[in-house]
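Asks: predicted model and sequence below, questions to follow.
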Amino acid sequence: MSQTQSSLELKWLELLRNVQNTLANTVNSLDIKSIPAWEIRYLLWAAVSVNQATRAYILLREADMFDASKHLIRPIVEAVLAAQAVLNKRGFLFRKLYTEHRELIKFSKNIAAAEENKALDDFKSKFLSYNTGYPIECKRVNIEYTAQVANMVPIYEVVYRTYCQFTHGAQVAVTGQLNAVTNDLDTPIVVQLGLITLEQLRKNTSAKIPEWETYLQQSRSYMGQSNMGINLPKNES
């Protein structure tokens, strides 16, 4: 269904284009092979994912496909939360990959127990060869725990759970009732998730992002008090 874009939505969309362009240039400027820390490598891959989904969001929004664009917000949130959790807690990356490994096993029902154990042992060995003191804990993680480790629980409780309604086919989403609540918040949320990703990169890599503070101030001037659970980054060097 076609939507009428407000003047404020158009301002947010223009800011998002700038943020996404800077994010694309930033990830392209970094050589992942020159980054020794696996946690920072994961951050870079997560930033690539955020950039790709944000670009797709912009294209859908420009085409007035508001309904379709909402389906891209959840994966952006997940990438941002996971990247921050990996940065915050040593050992989280192994647990995240272990969780994904266990999920993949479900698709290989014919795999023998010995083969599964060997794959897990190889997995552990790779982490220990990376760092002999790396914490190896074979425990699953979920998105709620990820948000806790990332210190981003409000984003999980408000933003993530709201946009899960669209990807889960909830009645309030498929009937369009949730659109009235979220239409004006979609793009501000994606902008701020992009700003968080840029902040993660500027703090943990060699990337120089002089535009970041300008984007931050511009976002704050548009946002006012309604940030739907997202705390804007602080303009600290």
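Replies: Sure thing, it's come through.
Asks: lowest-confidence helix or strand of the protein?
Replies: helix 113-130 (a mean of 81; mean pLDDT, DSSP states H and E).
Asks: by contact count, what packs against the helix or strand just after it?
Replies: Heading C-terminal from helix 113-130, the first helix or strand you meet, by DSSP states H and E, is helix 143-150. Where contact means 3 or more Cβ pairs under 8 Å, 6 or more residues apart in numbering; DSSP states H and E, helix 143-150 is packed against helix 73-88, helix 92-105. Where C-beta positions appear, they are placed from N, C-alpha and C, glycine not excepted.
Asks: contact partners for the closest residue to Val77 other than its chain neighbours?
Replies: Nearest residue to Val77, sequence neighbours excluded (Cβ to Cβ, 6 or more residues apart in numbering): Tyr160, at 4.8 Å. The contact partners of Tyr160, by Cβ atoms under 8 Å, 6 or more residues apart in numbering, come to 74, 77-78, 81, 143, 147.
Asks: quick one: mean pLDDT for the longest helix along the chain?
Replies: The helix that spans the most residues within the chain, counting by DSSP state H, is helix 38-62. Mean pLDDT, helix 38-62: 97.
Asks: what helices and strands are in contact with that helix?
Replies: Judged by 3+ Cβ pairs under 8 Å, 6+ apart, helix 38-62 is in contact with helix 7-29, helix 66-69, helix 73-88, helix 92-105, helix 186-204.
Asks: please save the CA atoms from the second one in CSV.
Replies: Right, the one you point to is helix 66-69. The C-alpha atoms that make up helix 66-69 are tabulated as CSV, following Å, rounded to 0.1, in the frame of the first residue of the first chain:
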residue,chain,number,x,y,z
PHE,A,66,6.7,0.8,3.8
ASP,A,67,5.2,-2.6,4.7
ALA,A,68,8.1,-4.5,3.1
SER,A,69,10.7,-2.3,4.6
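Asks: change the start of the numbering to 273 and stick with it
Replies: Renumbered: residue one is now 273, and that last one reads helix 338-341.
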